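[1] Below is the sequence, then the predicted model.
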Amino acid sequence: MGNSNGYLPLFETRSSGRPFLIKLYVLTIFVAICMIWVYRVRYLPVEGVLERWAWIGMFFAELWFSIYWFITHLVRWNPICRYTFKDRLYQRFEKDLPGVDIFVCTADLEMEPPIMVINTVLSMMAYDYPPEKLSVYLSDDGVSELTFYAMLEASRFSKYWLPFCKQFNVEPRSPEAYFHNEPLDDHVNDKEWLFIKKLYGDMKNRIEATSNQGQVSEEIRKEHKGFSEWDFVSSRHDHQTIVQILIDGRDPLAMDSEAQRLPTLVYLSREKRPQYPHNFKAGAMNALIRVSSRISNGPIIMNVDCDMYSNNSNSIRDALCFFMDEEKGHEIGYIQFPQSMKNVTKNDLYGNSLKVIFKMEFPGIDANGGPMYIGTGCFHRRVNLCERKHCNEHEVDWKRESDMKIEGNARDLEEECKALASCAYEENTQWGKEVGLMYGYLLEDGMTGFSIRCRGWRSVYFNPERTAFLGLAPTTLLQTLVQQERWSKGELHILLSRRGPFFDGYKSLPLRLLLSYCIYFLWAANCFPTLYYVVVPSLCMLRGISLFPKASSPWFQAFAYAILADRAYGLVEFLWCDGTLQGWWNDQRIWMFKRTTSYLVGFCDTVLTMAGFTNPAFVVTAKVSSADSCKRYEQEIMEFGVPSPLFDILATLALLNMFCLIGGIRMVISDVENKVSDVLASQIVLSGLIVLINLPVYQGLFFRKDSGSIPNPVTLKSLTASLVACSIALL
Ligand SMILES: O=c1ccn([C@@H]2O[C@H](COP(=O)(O)OP(=O)(O)O[C@H]3O[C@H](CO)[C@@H](O)[C@H](O)[C@H]3O)[C@@H](O)[C@H]2O)c(=O)[nH]1
Ligand SMILES: [Mn+2]
């Protein structure tokens with residue numbers, strides 16, 4: 001460790017390469033895949049137009065799957081792992097640590113309850129970091145006085161919570177999560193602990209009571225002049241800027257209960273007017289960047305979604321080990337932490353844990369050049385968000401940065417910030433184009449990260465042993481599918497956009513990295529080959545058209561090996577990432593659901609958006625749901641409940657395969673001599689598997705009576721559509 005001149009790095013990168021045997025195994029799958037191509041080309045049917053085209057379609061679907069398969073293994077080939085040395089950071093830099101500005105975004109009072117938001121905020125304030133160098137900003141796109149009230153409560157509670165966290169080394173530092181994890185029995189005699197728990201409980205009750213009333217009482221309104229701002233708010237989409245510095249970290253009187261300094265805490269609701277596009281989260285982030293530059297101007301910026309609390313109070317120091325490393329730090333633009341979920345159930349019914357992505361894929365992408373920015377749990381340099389340019393001479397003088405002081409009293413600052421967060425401010429500027437987060441993309445974060453990379457910055461993925469952040473995954477099928485739709489659209493949009501890989505990226509990023517990003521860029525495009533595979537072989541079976549080798553032929557073994565070996569690989573990987581067998585099966589189902597519904601709609605929508613017919617709109621994911629549906633989520637019962645075109649597609653595909661399977665089996669039984677079973681075996685197995693994986697859909701269609709079952713209109717539509725399709729196939 002350390003090089004010849006005695007320099008000790010602040011972080012280390014080690015290869016966590018895959019064992020040779022696994023690579024060999026993957027290569028055998030590759031050989032089988034090549035054989036499939038050979039088979040498709042050699043045995044192209046000469047007779048029958050339908051047969052021929054169905055066959056060609058199979059060839060292209062399989063070609064696509066092979067390319068995608070190749071990319072997934074390219075990413076996994078040589079993963080790396082990062083380690084930080086926080087003790088060295090402490091020794092060398094403790095006096096010169098830079099200011100850190102943390103942004104929390106919320107957008108909707110109903111879907112993102114204030115108590116959840118302030119738990120995130122409190123966990124951010126409680127980082128193990130000098131409070132005078134830490135500032136936490138909440139952006140409230142929902143412009144709710146209830147959220148503001150909760151922030152006011154949080155600012156008071158923090159005076160007790162922060163010293164408590166430091167004294168007892170509390171983890172995690174979100175009070176809700178902490179008290180939820182800690183059994184009361186361990187602390188019955190601990191006065192201080194009981195006192196803080198009660199303080200938190202009382203605050204929570206007050207906030208929830210106020211939320212239930214739907215408005216803040218007159219008494220509370222008198223407590224803070226900030227409430228008067230709401231007299232001028234006409235609606236969520238039409239109001240002035242509200243900036244309130246709730247704790248001014250520079251104020252010597254802002255002390256906690258142990259007479260220690262407190263971090264700065266700011267509430268911001270940027271101006272919105274109907275005639276100005278607000279650009280969703282990207283707009284909120286850009287307003288935060290400007291407002292914070294006036295109030296604290298920390299050279300490091302970190303942002304999280306409002307549901308994502310800090311689970312590890314050391315994350316800031318971890319991130320700084322990368323930025324402040326004397327040798328390699330200057331080229332690093334941002335540090336992305338994984339997005340871990342707190343609320344996934346044991347068998348992860350909706351495949352939302354993202355564990356495989358963050359445990360297997362991101363370390364590989366890091367090795368191939370660095371991860372994308374995923375919008376939450378990411379540390380940036382302020383300069384790269386503001387100018388994004390990178391030049392090699394860019395050596396930061398951390399000492400100078402840390403000594404920069406901002407003058408002016410809090411009230412004046414608030415006034416100045418109002419202009420910075422106004423709609424008109426961005427007119428005729430480069431904000432949203434060259435400066436700040438980019439507008440016009442559903443994945444503003446992905447696109448911004450990509451462009452930061454294109455300008456010469458590197459990025460780092462860091463997954464510490466103790467999870468850094470914990471957020472909430474969607475808890476119903478529809479929420480999951482809608483979120484996936486947004487993500488797949490966003491990724492495809494980046495791929496095709498003028499700032500994307502084809503136009504900007506290929507000049508500045510290595511091919512390996514671009515291909516790695518393609519795992520996500522190509523999500524949406526997966527819909528077509530998957531739909532083809534789910535529909536065509538089954539319908540062809542009804543007509544007696546065979547699309548696979550006979551079960552007795554040696555070519556059959558190539559298919560069987562490629563599919564089984566690949567799925568086995570996926571299963572082991574899934575289990576390796578702490579999944580369960582049932583969880584893997586659920587994941588396979590969601591894999592199919594996503595590809596046949598979300599990605600399809602996502603693909604079509606993106607094409608429309610790019611052709612100028614629709615504007616991208618950010619649908620916020622709900623973080624709460626009804627008691628009934630929560631219960632079903634806990635019990636891992638699939639939630640449909642409301643009609644949706646996505647469900648129409650799902651149910652149609654499920655029914656179609658069921659009818660085809662019945663037809664196929666009838667043919668086998670009635671035609672034993674002609675060996676139909678040998679010819680159609682693969683298709684029967686395929687549609688059999690599709691039926692098996694769709695069991696929850698049939699239950700939702702026919703056997704469930706609860707409010708989470710499939711609504712009748714969906715049943716009707718899908719029955720009609722699938723019957724029509726089958727009849728056409730039989731014509
Ligand atoms: O107009 C808006 C819309 C959303 N948000 C905030 O953006 C965050 C993410 O929204 P959410 O509905 O939770 O979306 P997810 O799909 O869970 O978010 C993931 O995907 C987004 C991109 O689609 C990223 O921006 C997020 O960081 C990432 O966690 C939340 O804090 C929202 O409050 C705003 O501030 N303003
Ligand atoms: Mn979210």
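    Okay, I see it. Ligands and ions are numbered 1, 2, ... in the order given.

[2] my read: residue 452 touches residue 373, true?
    Yes - at 7.1 Å, residue 452 and residue 373 qualify as touching, with contact defined as C-beta atoms under 8 Å. For glycine as for every other residue, the C-beta is placed from the backbone atoms N, C-alpha and C.

[3] which residues do these two both contact?
    Common neighbours of residue 452 and residue 373 are listed as 334, 459 (criterion: C-beta atoms under 8 Å, 6 or more residues apart in numbering).

[4] which of these two has more neighbours?
    residue 373 (27 against 24; other C-beta atoms under 10 Å).

[5] just for this structure, where's the confidence low?
    Along the chain, segments meeting pLDDT under 70 span 1-5, 388-395, 400-405.

[6] how about the strands in it?
    11-15, 80-84, 100-106, 134-140, 242-247, 264-269, 300-305, 309-310, 332-336, 340-341, 378-381, 458-461, 469-471 (DSSP state E).

[7] how about the residues of the chain that lie near ligand 2?
    305, 621 (C-beta under 5 Å from the ion).

[8] Go again with 6 Å.
    Selection of the chain residues close to ligand 2 by C-beta under 6 Å from the ion yields 305, 307, 471, 621.

[9] from the residues you listed, which is closest to residue 156?
    residue 307 (22.6 Å; C-beta to C-beta).

[10] which non-adjacent residue is nearest that closest one?
    residue 472 (4.3 Å; C-beta to C-beta, 6 or more residues apart in numbering).

[11] do residue 690 as well
    Nearest residue to residue 690 in three dimensions, chain neighbours excluded: residue 657, at 4.3 Å (C-beta to C-beta, 6+ apart).

[12] if we can go back for a sec, do you know how far the residue nearest to residue 307 is from residue 340?
    11 Å (C-beta to C-beta, to the nearest Å).

[13] now do residue 218
    42 Å.

[14] now residue 118
    For residue 118 relative to residue 340 (C-beta to C-beta), the value is 21 Å.

[15] what do you get for residue 385?
    For residue 385 relative to residue 340 (C-beta to C-beta), the value is 24 Å.

[16] Show me what from this structure comes close to ligand 1.
    Contacts of the chain with ligand 1, taken as C-beta under 6 Å from any ligand atom, map to 105-107, 112, 139, 141, 280-281, 284, 305-306, 339, 375-376, 442-443, 445, 483, 486-487, 490, 618, 620-621.

[17] Tell me the buried residues in stretch 177-195?
    177, 178, 179, 193 (16 or more other C-beta atoms under 10 Å).

[18] partners of residue 238 in the sheet?
    According to DSSP bridges, the residues that bridge with residue 238 are residue 235.

[19] That one: what's it in contact with?
    Per C-beta under 8 Å, 6+ apart, neighbours of residue 238: 272, 273, 274.

[20] and residue 276, what does it touch?
    423, 424.

[21] ok so, going back, which ones among the buried residues of stretch 177-195 lie within helices?
    177, 178, 179, 193 (DSSP state H).

[22] Out of the residues you listed, which comes closest to residue 586?
    Looking across these and measuring by C-beta to C-beta, the closest to residue 586 is residue 177, at 25.4 Å.

[23] Which residue, neighbours along the chain excluded, lies closest to that closest one?
    Using C-beta to C-beta, 6+ apart and skipping the chain neighbours, the partner closest in space to residue 177 is residue 309 (6.3 Å).

[24] just residue 608 next, same as before
    Nearest to residue 608 is residue 614, by C-beta to C-beta, 6+ apart, at 4.9 Å.

[25] My guess is that neighbour contacts residue 604. True?
    No - Residue 614 is beyond contact range of residue 604, at 10.1 Å (criterion: C-beta under 8 Å).

[26] The residue of the chain found nearest ligand 1: how many residues sit nearby?
    With C-beta to the nearest ligand atom as the measure, residue 375 is the residue of the chain nearest to ligand 1, at 2.6 Å. By other C-beta under 10 Å, the residues close to residue 375 number 23.

[27] now swap in residue 639 and tell me
    Quick note: residue 639 (other C-beta under 10 Å) scores 26 neighbours.

[28] quick one, what contacts it?
    Per C-beta under 8 Å, 6+ apart, neighbours of residue 639: 475, 476, 477, 478, 629, 632, 633, 708.

[29] Now do it against ligand 2, distance only.
    18 Å (C-beta to the ion, to the nearest Å).

[30] distance of that residue from residue 143?
    Using C-beta to C-beta, residue 639 is found at 31 Å from residue 143.

[31] do the same with residue 489
    Distance of residue 489 to residue 143, given as C-beta to C-beta: 27 Å.

[32] What residue in the stretch 501-650 of the chain comes nearest to ligand 2?
    residue 621 (4.9 Å; C-beta to the ion).

[33] top helix in this structure by residue count?
    Longest helix in the chain, counting by DSSP H: helix 49-76.

[34] Does residue 700 touch residue 642 like I think?
    No - counting by C-beta under 8 Å, residue 700 sits too far from residue 642 to count as a contact (12.0 Å).

[35] Who has more neighbours out of the two?
    Counted by other C-beta under 10 Å, residue 700 and residue 642 do not tie: residue 700 has more neighbours, with 27 against 13.

[36] Now do the same contact list for that one.
    638, 640, 651, 708, 709, 710.

[37] From residue 632, how far out is the second one?
    It stands for residue 640. Using C-beta to C-beta, residue 640 is found at 10 Å from residue 632.

[38] The residue in the stretch 51-200 of the chain positioned nearest to ligand 2: how many residues sit nearby?
    Ligand 2 sits closest to residue 112 of the stretch 51-200 of the chain, with a gap of 8.9 Å, by C-beta to the ion. Counted with other C-beta under 10 Å, residues neighbouring residue 112 total 26.
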